[in-house]
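**Student:** no sequence on this one, just coordinates:
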């Protein structure tokens, strides 16, 4: 079964602390993986894609096929990082924009 | 650049009724997807429309149907509403059907409550 698991509903850290939002997936193949973010009173938006190997707003995510994980990391959290974060998987078959989302993790960064 | 807009923002319906939700795609986008987000869950794919035809569907019954118009706006119709249909419905548009090279742009959603 294709599934995305985000084990933490809430992650609470202090400003300047490192952050790791966990994401594990279940998929028999090589998926495309994404992180989406939703800031307070804003719409869901793309944060980063795994193949780009990019760093957006200081966040990075590395695909670990052995552990089937795609954890989101930032070395020093900022208050403006407080938001809801969703990990999503796009199956390679199908030819359409089906994304399978995890349940999300709320990141709260305290001053 | 105009973003994805959805209407209405909130809606209350009674079990058994029918509902139509509307979405205007971002300018230049020809593909629209609909997602259902239940409370405390991530969005769940309902279906996608490309060039006015459904070209992908998730695990939703046929009472969930849609339309895409020549101007790429879209509707989601739900018949015979059930209490479990209460959720936030998200519309997302993109340029083409490959969400990797053309990321999804989401609207703010329509909050549907079925009583």
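**Tutor:** Yes, it's here. The structure presented is a predicted model; accordingly, all values stated were derived computationally and were not measured.
**Student:** going forward, measure contacts and count neighbours with C-alpha atoms only.
**Tutor:** Fine.
**Student:** near chain B, which residues of chain A?
**Tutor:** The interface of chain A toward chain B, taken as C-alpha under 8 Å from any C-alpha of the partner chain, is made up of A:32, A:42-46, A:49, A:86, A:94-104.
**Student:** list the buried ones in stretch A:67-75?
**Tutor:** Under the neighbour-count criterion of 16 or more other C-alpha atoms under 10 Å in any protein chain shown, stretch A:67-75 has A:68-74 buried.
**Student:** Filter the residues of chain A next to chain B down to the buried ones.
**Tutor:** Among the residues of chain A next to chain B, those classed as buried by neighbour count (16+ other C-alpha under 10 Å) are A:32, A:43-46, A:49, A:86, A:96-104.
**Student:** ok, back up a step: which ones among the residues of chain A next to chain B are found in strands?
**Tutor:** Using DSSP state E, the subset of the residues of chain A next to chain B located in strands is A:32, A:45-46, A:49, A:86, A:100-101.
**Student:** Give the bridge partners for the residue nearest to the spatial centre of chain B, please.
**Tutor:** The residue lying closest to the centre of chain B (C-alpha atoms, centre = their mean) is residue B:34, at 2.9 Å. Applying DSSP bridges to residue B:34 gives these bridge partners: residue B:47, residue B:91.
**Student:** pLDDT at it, what is it?
**Tutor:** With respect to pLDDT, residue B:34 has a value of 97.
**Student:** these two touch, right, it and residue B:47?
**Tutor:** Yes. Counting by C-alpha atoms under 8 Å, residue B:34 touches residue B:47, with 5.7 Å between them.
**Student:** Output the below-cut-off pLDDT ranges for the chain.
**Tutor:** No chain in the question, so chain A it is. For chain A, the stretches with pLDDT under 70 are A:93-95.
**Student:** looking at chain B here, not the other one
**Tutor:** Low-confidence segments of chain B, defined by pLDDT under 70: B:1, B:97-101.
**Student:** need the strands for it, in chain order.
**Tutor:** B:5-7, B:10-13, B:19-24, B:31-37, B:44-50, B:53-57, B:64-68, B:74-78, B:87-94, B:105-106, B:110-114.
**Student:** residues in contact with the residue nearest to residue B:43 when sequence neighbours are not counted?
**Tutor:** Nearest residue to residue B:43, sequence neighbours excluded (C-alpha to C-alpha, 6 or more residues apart in numbering or on different chains): residue B:37, at 4.3 Å. Each residue near residue B:37 by C-alpha atoms under 8 Å, 6 or more residues apart in numbering or on different chains is listed here: B:43-44, B:87-90.
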